[in-house]
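Trainee: Sequence and predicted model, in that order:
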Amino acid sequence: MKKLSARRRHPLAAVVVLLLALAATGGLYAAFAPAGKAQADETSQSLTIKEGRKLYEVGCASCHGTGGQGSSDGPSLVGVGSAAVDFQVGTGRMPAATSQGAQVPRKKPVYTQTQIDQLAAYIASLGAGPIVPTKQQYGPAGADIAKGGELFRTNCAQCHNFTGKGGALTKGKFAPTLEGVDPKHIYEAMQTGPQNMPSFPDTTLSSKNKKDIIAYLHAVDSSETTNPGGLELGGLGPVSEGLFAWIFGLGALIAVAVWVAARTAKAKKS
Amino acid sequence: MSTAANETARSRGQAPAGERIADWADGRLGIYSLAKANMRKIFPDHWSFMLGEVCMYSFIIIILTGVYLTLFFHPSMNEVVYHGSYVPLQGQMMSEAFNSTLHISFDVRGGLLVRQIHHWAALIFLAGMFVHMMRVFFTGAFRKPREINWLFGFLLFVLGMFTGFTGYSLPDDLLSGTGVRFMEGAILSVPIVGTYLSYFLFGGQFPGHDFVARFYSIHILLLPGIMLGLMVAHLILVFYHKHTQFAGPGKSNNNVVGMPLLPVYMAKAGGFFFLVFGVIAAIAAVAQINPIWAIGPYRVDQVSTGAQPDWYMGFAEGLIRFMPGWEINFWGHTLVLGVFIPLVLFPLVLAAIAVYPFIESWVTGDKREHHILDRPRNAPTRTAFGVAWVTIYMITLVGGGNDLWATHFHLSINAVTWFVRIFFFVGPVIAFLVTKRICLGLQRRDRDKVLHGRETGIIKRLPHGEFIEVHEPLSQEQLHTLTAHDQYQPAEIGPTVDENGVERKVKAAERLRVKLSNAYYGEDNQIPKPSVEEYREITSGHGHH
Amino acid sequence: MSSQDIPEENLPAEQDHAHGAVGVADEENPFADPGLPPHEHRIQDIDERAAKRSERVVALLFTVSMLATVGFIVSYVTIPHDKNIFVFPIGHISALNFALGLTLGVALFCIGAGAVHWARTLMSDVEVADERHPIEAAPEVRAKVHADFRQGAKESALGRRKLIRGTMFGALALVPLSGVMLLRDLGPLPGTSLRHTLWAKGKRLVNMNTNQPLRPEDVAVGSLTFAKPDGLEETDEEFQNELAKAALMIVRLQPDNIKDKRELNWSHDGIVAFSKICTHVGCPISLYEQQTHHVLCPCHQSTFDLSDGARVIFGPAGHALPQLRIGVDSEGYLQALGDFEEPVGPAFWERG
C-alpha cells in the first residue's frame, strides 16, 4: 500500500490510468462487436405425425393446449403450419421459459432436427399453413443479390438494420440480428411472421423475392462478408464510428501528445 | 552612396545561397522583422496544449484528402444504373453522386483509403475541437485577452459541424438521405417561412434534384473557406497573445516559459503533424467508416433502424428524439413545437458555453490580462458550470443513440427516452452540485498540503503509542504552485446613499451581479487559500501532526 | 551507463532533506516564486555515446519511413484493387486499402516520431522565459490614434454633410437587396404542392416488391406490405418526389380489432392503408409490430397505434399518420377512393 500511495502521485500515474481506461473501453468495444456464429445443422426429415404428437404432449401441450387449440399461456397452433414450428423450435425460441421478458429470445434448440420435423408434421396435420421451405427455395442458386438488397431495404432494414444487425422496437422488444441465422429460418420467419414480426406471405413477397433477400444477406452479413475498409465496428453506423474515433482516434493522438510534450528523462532523478 | 550601405550590399552579395534567398525575400516581404519576433518565440510544453494542433492538423488532412476526392466525385443527382465492381448493387438505380462514391471506393486505387482518412479525420477534428474547447474552458484560458479567440474557436466548432453534415450527405446514401430528410422536416417546422425555406434549399419538393450540388458547394467552398480564414486568425492571435501556461516556479503572468520555436517547437509541432496524419492513416487502414455500399442508395421510402448522424450532430438528434410531440393548431396554421423547440434549443445549447466567458468577466469585473491558467478546482463555479454543460451534451448524446442503448443493454427504448427526458433537467443540476463539492474538497486538500505537508503514506509510532502519518513539507516550488492563483472577493452592493445624502436606485443588473458574485466567490463557494501568516503559525516551532 | 560516468558539475545539487520548514529560502514570503529551477542535463547532453544512440534511432525512424513509402508504391502497383484478404482479427478486407493505409501510416508516423525524438533528446532542452508585453497600446499611442481618427473624420466632413451621409448609407443598405433578389429562383414557391399526392380516385395500389397491383386476398392478417400508386415507375423523373408523399404502408387487421370508427370506414375488409411517411420529420416509418399493431419510427421513435386511427402513443410526432381511403375496383384490385384528406409527412405552418 505504501508503494501504491507513493506511486499514485508519480507523473506517469495519469498515463497508467489512461491506459487502464483505454483497456476498459476496449472491453466495451468487445461488447459491441458481433458475437460468435452458430451453425444450425440440417438433416432430412421423415417421421410420422404420431411421434410428433408424443413430443407435443410432453413439451408443448401445457401452454398450447392438448390439441393445439391454445390457452392463456400460448397461442393456438392450428393453421400456423410446419414452417412456424420449424422456425420457433429450430431457433430454440420454443419451448419458451415460463417467465420471459418483452419477447422470447433465440436459444440453443432443445430438440434435434428429426424431432422438430416430427413436431412440425404433427402441427401441420392440425390445419393447413406455410410449409417448411426446400433448399431449392432458399438456396443461393439463381438469386439476384442486388434485387435482394433493394427488397431488404424496403421490407426489412427498418427493423433489422442495413445489413441485418438488428435494432430496437417498442418497450424492450427488438428485431434480432440476422447474422448466423440459418437461411431456412430466415425464409420461415418471412413466411410466418414470428412474435411481433409481420409476415411477408408469397402473395406480397414472392418466393423468388425471399430467395433474393437471403442471398443478399449472405453477401453482406455472413462470416465471409468482405468489409473492404477494415473493422466493421458492429455495422451499427455512426454511433460505433463515433465511439471508435473518440477512444482510439483521439485517444491515440492524446497518448502521442503526452509523449511529445513530456520532459525527456534526466541524467539522474532528483 | 554611403559606405555602410555599400558594405551591407556586399555582405549580402557574398552570403551563402540560403542567406541570399532569404535576403531576396526580405527585400520584398520584410521577412526579417517578422522572423525577429517569431523565430525564437517561446511555447510552453504541455500535452493539453497540443489538442488545438490535433484539430489544425486534422483540418489540413481533411483539406488535402478532400481536394483529392473532388477529382472523382460527381455532385449530381441524375439517376443512373450501377455497373461497377460491387456485385450486390449491380443493376440498381442510384444517383450519380452515389455512383461516383462507389467508384472512388471500389475502382480508384487508394480511393477508399482517402475517403476513409477524410471521414475519420473529420470525426477526430470535431472531437479534437470539443476537447480543446473544454481544455480552454476548464483552465480559464478564455479570459482577457483571449475572448475573441474563444469565439473564433467556437465558430470553428459550429461551422465544422455543418461542414461535416453537408459532407456526409453528399454520397446520397440511404443513411445520410434520412438525415437530410430530417433536416427538411425541421426546416418545415419553422413558423411562417418554413415551407419557403425548404423549397428554396431543395429547389422545390423534397428530395428534388438539387441538394447534392448545393451541399457540395457549401461543403467544399463556402464553409471550409470561412473556416480556413477563421483558423488563420485563430493562429495569428495565439502567436500574438503568446500561449498561456500553468502556474509554477519561474512562471508568471508576465512571461512565458518553454522552448523556442526554432528548433525545438518546430520539430515537435512539425513532427506532430506527421504523427497525427500517420495515426489517422493507420486507422483508415484498419477500421471501416461509412460503408455506403452496405447502406445502399437513398430512396425516400426506405430506411434503416439505428439511423444516426455522425457523433457531433448526435446531441441535436437527442434533442429531437426526447422531445414530446407538441403541436398547436390555430386559425388554419400549425405551430410544430415538437420539432421547432429542439431546432431552437440546438443553437441555444451551444451558445450557452460560447457566452460564458462574457458572463464570468461581467461577474468578476476583472479587466486585467490573464496568462496563467486556472486549475479547474480553483474556479469551482466555472468548473461546475462546465461539467453541467458537458452533462447536458452527453445526456442528449445518449438520447440520440437511445435505440442502441436499448438493444445493447437490453433496456426498453421508452425507458431510455424517459430517462433522457428527466435527466436533461436533473442531470446538469446534480453535476453542478457534485462538481462544486469535489472542487471545494480538492481546494481543501491543497490547503492542507500547503499547511501540513504531503502525506507520505508512512505510518510512525510515537513513543507514547500514538500512530501518526508522517507529513513531508512541500518544497518552495510546490508551495508557490499551490498558492499562485488569484482569489476574488464577492462583490457588494455599493453605498446606496451618495455623499450628498441622495438615495441611489440599485439597478436589477447590479443586484444580479452581486448575487452571482456571491455564488461564485462567497464564503461557502471557495476555500480561502492559505495565507503566509497561517503557514508561519503552523510551521513555527512545535510539531503539528 | 553508470552514474559514475557523469561529470560531477553536471549533476543537480543534492537536495537538503533536513526536517522542518526547509526548502523555503525566502523568509519573508514562503510562497514566493523561487524562479525557474536549474536546468538538468539529459544523458544525451553529457554522454556522446547516448547522443549517438539517439541520432541512430532518429535516422532509423527516417529510414523506416523511406522504406514504407517504397512499400506504398509497390503495393499500389502490385496489389489488384479487388483483392480481398483475411487479416486476423479484422476480418475479410481489401488488401490494397490495408497495405496502402499501413504503409502510408508508418511512413508518416516515422517522420513525426523521428523529428520528435530528435527534438526531445538532441536539441537543447533549456527552458527559456520570454517576456510578455501588455496588449493594450501605451496611452500616448492611444491618444495619437484617436486624434488621427478625429482629424480624418473631420476632413471627410461626413458628420457635417448630412446629405452625403444619408444617401451613402441608403445606397449601401439597398445594394445587398439585389443579391437577396437573386436567391428567389432557388426554388419554386410551395403553393399547395405539399397537400397533394398522386393518389386519386380509382388509382390502384401497386405492391413495391412485385410491381403488381394488389388484391385484397394477397394481404394476410399480420402481414406488412408497401405500395405505390399505379403508374409511378422508378425510372420516372419525379419518382422520388412523388414517392416521398405517396408511399403507403398496408396492413390487415381483424375488423373487430379496429377501434377507430373512421379507420374502419376507410378500410376494406380490415385492410388499412396509411402513409408511410412519419408525421414528425418524414422518415419512412414502418417498424410494424403485428401483435400490438404499433408502428415505430426508426429515426426518432414516434409510435403510432394502427388499430386506433394511427394515433401517436409515444415519441415526438405531433399527429396521427394520414389514412388513405381504399376500396376494390371492378376487377377485384385494391384502389384508392381519393387523395389523402390531409397533407402527409411533417407538419408545417400552412398545414392548419
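Mentor: Nice, I can see it. This structure is a prediction, so every number in the text was calculated from the model and none was measured.

Trainee: And the chain, what are its domain boundaries?
Mentor: Going with chain A. Split into domains by automatic domain parsing, chain A comes to A:37-126, A:135-226.

Trainee: Hmm, no, I was thinking of chain C.
Mentor: Chain C breaks down by the TED database into domains covering C:43-122, C:203-336.

Trainee: out of the ones you listed, which comes closest to B:Glu327?
Mentor: Nearest to B:Glu327, of all the domains of chain C, is domain C:203-336, at 3.0 Å by CB to CB. Every residue, glycine included, has its C-beta placed from N, CA and C.

Trainee: Could I get the full set of strands for chain C?
Mentor: Using DSSP state E, the strands assigned to chain C run over residues C:84-87, C:91-94, C:128-131, C:205-207, C:224-229, C:248-252, C:271-275, C:287-289, C:294-296, C:303-305, C:311-314, C:323-324, C:326-328, C:334-336.

Trainee: need the domains of chain A in JSON lines with mean neighbour count, distance to C:Val251 and mean pLDDT, can you?
Mentor: Formatted as JSON lines, these follow (neighbours: other CB atoms under 10 Å in any protein chain shown; distance: least, CB to CB, whole Å; pLDDT from 0 to 100):
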{"stretch": "domain A:37-126", "mean neighbour count": "17", "distance to C:Val251": "19", "mean pLDDT": "79"}
{"stretch": "domain A:135-226", "mean neighbour count": "22", "distance to C:Val251": "7", "mean pLDDT": "91"}
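
Trainee: So which of the ones you listed is nearest B:Gly522?
Mentor: Comparing the domains of chain A by their distance to B:Gly522 (CB to CB), the top pick is domain A:135-226, with 47.0 Å.

Trainee: Tell me which of the domains of chain C sits most buried.
Mentor: Mean neighbour count, computed with mean count of other CB atoms under 10 Å in any protein chain shown, is highest for domain C:203-336 among these, reaching a mean of 21.

Trainee: what's the distance between the spatially closest residue to B:Phe72 that is not a sequence neighbour and chain A?
Mentor: Nearest non-adjacent residue to B:Phe72, counting by CB to CB, 6 or more residues apart in numbering or on different chains: B:Ile104, 4.9 Å away. Counting by CB to the nearest CB, to the nearest Å, the gap from B:Ile104 to chain A is 12 Å.

Trainee: The helix or strand where B:Ile104 lies packs against which elements?
Mentor: For B:Ile104, the element it lies in under DSSP states H and E is helix B:96-106. Applying 3 or more CB pairs under 8 Å, 6 or more residues apart in numbering or on different chains; DSSP states H and E, one finds that helix B:96-106 contacts strand B:79-81, helix B:111-138, helix B:292-295.

Trainee: Recalculate using a threshold of 6 Å.
Mentor: Counting contacts by 3 or more CB pairs under 6 Å, 6 or more residues apart in numbering or on different chains; DSSP states H and E, helix B:96-106 packs against helix B:111-138.

Trainee: angle of the helix it packs on against helix B:96-106?
Mentor: On the basis of axes from the mean of the first three to the mean of the last three CA atoms, to 10 degrees, helix B:111-138 is oriented at 100 degrees to helix B:96-106.

Trainee: quick revisit: how about the strands of chain C in CSV, adding distance to B:Thr195?
Mentor: Supplementary listing: the strands of chain C in CSV, determined by distance: least, CB to CB, whole Å:
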stretch, distance to B:Thr195
strand C:84-87, 48
strand C:91-94, 45
strand C:128-131, 58
strand C:205-207, 28
strand C:224-229, 23
strand C:248-252, 23
strand C:271-275, 18
strand C:287-289, 28
strand C:294-296, 26
strand C:303-305, 24
strand C:311-314, 22
strand C:323-324, 23
strand C:326-328, 29
strand C:334-336, 25
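
Trainee: related to what we said a few turns ago, now the domains of chain C in a markdown table, with distance to chain A and mean pLDDT?
Mentor: As requested, those are exported to a markdown table (distance: least, CB to the nearest CB, whole Å; pLDDT from 0 to 100):
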| stretch | distance to chain A | mean pLDDT |
| --- | --- | --- |
| domain C:43-122 | 4 | 95 |
| domain C:203-336 | 4 | 93 |
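
Trainee: What segments of the stretch 251-400 of chain B are helices?
Mentor: Ranges of helices in the stretch 251-400 of chain B, per DSSP state H, counting those that start in this stretch, are B:266-286, B:292-295, B:314-322, B:337-364, B:380-400.

Trainee: For those, could you give me JSON lines that also reports mean neighbour count, distance to A:Ala121 and mean pLDDT?
Mentor: JSON lines is the format used below for the helices of the stretch 251-400 of chain B (neighbours: other CB under 10 Å; distance: least, CB to CB, whole Å; pLDDT from 0 to 100):
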{"stretch": "helix B:266-286", "mean neighbour count": "24", "distance to A:Ala121": "50", "mean pLDDT": "96"}
{"stretch": "helix B:292-295", "mean neighbour count": "26", "distance to A:Ala121": "40", "mean pLDDT": "94"}
{"stretch": "helix B:314-322", "mean neighbour count": "25", "distance to A:Ala121": "48", "mean pLDDT": "93"}
{"stretch": "helix B:337-364", "mean neighbour count": "18", "distance to A:Ala121": "53", "mean pLDDT": "94"}
{"stretch": "helix B:380-400", "mean neighbour count": "22", "distance to A:Ala121": "49", "mean pLDDT": "95"}
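
Trainee: Select, out of those helices, the one closest to chain C.
Mentor: Closest of the helices of the stretch 251-400 of chain B to chain C is helix B:266-286, at 2.3 Å (criterion: CB to the nearest CB).

Trainee: Mind exporting the C-alpha coordinates of the closest one to CSV?
Mentor: C-alpha atoms of helix B:266-286 as CSV (Å, rounded to 0.1, in the frame of the first residue of the first chain):
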residue,chain,number,x,y,z
MET,B,266,9.2,23.5,-34.9
ALA,B,267,10.5,19.9,-34.8
LYS,B,268,7.9,18.9,-32.2
ALA,B,269,4.9,20.6,-33.9
GLY,B,270,6.0,19.7,-37.4
GLY,B,271,6.7,16.2,-36.2
PHE,B,272,3.3,16.1,-34.6
PHE,B,273,1.6,16.8,-37.9
PHE,B,274,3.1,13.7,-39.3
LEU,B,275,2.2,11.7,-36.2
VAL,B,276,-1.4,12.8,-36.4
PHE,B,277,-1.5,12.0,-40.2
GLY,B,278,0.2,8.7,-39.6
VAL,B,279,-2.2,7.7,-36.8
ILE,B,280,-5.3,8.6,-38.9
ALA,B,281,-3.9,6.8,-42.0
ALA,B,282,-3.4,3.7,-39.9
ILE,B,283,-6.9,4.0,-38.5
ALA,B,284,-8.2,4.3,-42.1
ALA,B,285,-6.3,1.1,-42.9
VAL,B,286,-7.8,-1.0,-40.2
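
Trainee: That one close to chain A?
Mentor: Yes - using CB under 6 Å from any CB of the partner chain, helix B:266-286 reaches chain A at B:268, B:272, B:275-276, B:279, B:283, B:286.

Trainee: Close to chain B: what parts of the stretch 51-200 of chain A are there?
Mentor: A:145-146, A:149, A:153-154, A:157-159, A:161-163, A:167-168, A:171-172, A:174.

Trainee: ok, so of the residues you listed, who is nearest chain B?
Mentor: So of those, ranked by how close each gets to chain B (CB to the nearest CB), first place is A:Gly167, at 3.0 Å.

Trainee: who's that closest one bridged to?
Mentor: Note on A:Gly167: beta-bridge partners by DSSP bridges are A:Ala175.

Trainee: any idea of the pLDDT on C:Gly20?
Mentor: Reported pLDDT at C:Gly20 in the predicted model: 35.
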